[in-house]
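[1] what follows is a predicted protein model with its sequence.
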Amino acid sequence: MFKRILVAIDGSRTSQHAFGAALDLAVTHQALLQPYYVVESGPMYLDVPGYDPSSLHSSLMEQGAALAREAADAMKTRGIAGEVVTVEATASDDVATLIIKAAGAFDADLLIMGTHGRKGFQRLILGSVAERCLRQATLPVLLIPSASGAAKENAGA
């Protein structure tokens, strides 16, 4: 049913659960999988003497590279074809829009994302990339809630 799956990853526990679901679906459907990581640079300027934003930028890029290697290794272990894509967002980029565009460019027939399940003031302030993707998407979106891994983690304890 699904032949091309894009999964948004960010290194969080919720994202790990979404990636796990994407791996399982890719195996089941013999689908091509594209993990997609956005390095959010954001405004990296502070008017502080001696502050060097390049160290923060380098750290974010290293985190993205490590996450890409881990995803590629997990895909290889499970025999899943595909390529991890890492992009760098500028301060003016909307991450949700980047994800939706990437899904279109990949010709994905399913988008998988984790959702933190924030409510109220926290959601208002932090926003929700998953919700914005869901509103913009023209393809099926599978949202994996943050609590999805709780049962597995508690069973293993």
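    Yes, it's here. From a predicted model like this one, the values you see are computed outputs, not experimental measurements.
[2] which phi and psi does Leu142 have?
    Dihedral pair for Leu142: phi -110, psi 110, per degrees, to the nearest 10.
[3] distance check, it against Arg132.
    Counting by CB to CB, to the nearest Å, the gap from Leu142 to Arg132 is 16 Å. The way it works is simple: take the backbone N, C-alpha and C, and place the C-beta from them, glycine included.
[4] what bridges to the nearest residue to Met61 once chain neighbours are set aside?
    Leaving aside its sequence neighbours, Met61 sits nearest to Val39 (CB to CB, 6 or more residues apart in numbering; 6.0 Å). Going by DSSP bridges, Val39 is paired in beta bridges with Glu88.
[5] show me the contacts for Val39.
    Leu60, Met61, Gln63, Gly64, Thr86, Val87, Glu88, Ala89 (CB atoms under 8 Å, 6 or more residues apart in numbering).
[6] element containing the first one?
    Yep, that's Leu60 we're talking about. helix 53-78 (DSSP states H and E).
[7] out of the helices and strands in the chain, which is least certain?
    helix 120-126 (a mean of 48; mean pLDDT, DSSP states H and E).
[8] now stretch 84-96: buried residues?
    Neighbour-count burial for stretch 84-96, with 16 or more other CB atoms under 10 Å as criterion, is recorded at Val84, Val85, Thr86, Asp93, Val95, Ala96.
[9] typo on my end, it should be stretch 29-42
    His29, Ala31, Leu32, Leu33, Gln34, Pro35, Tyr36, Tyr37, Val38, Val39, Glu40, Ser41.
[10] looking at the residues you listed, which is nearest Ala21?
    Lowest distance from Ala21 to those (CB to CB) belongs to Leu33, with 11.1 Å.
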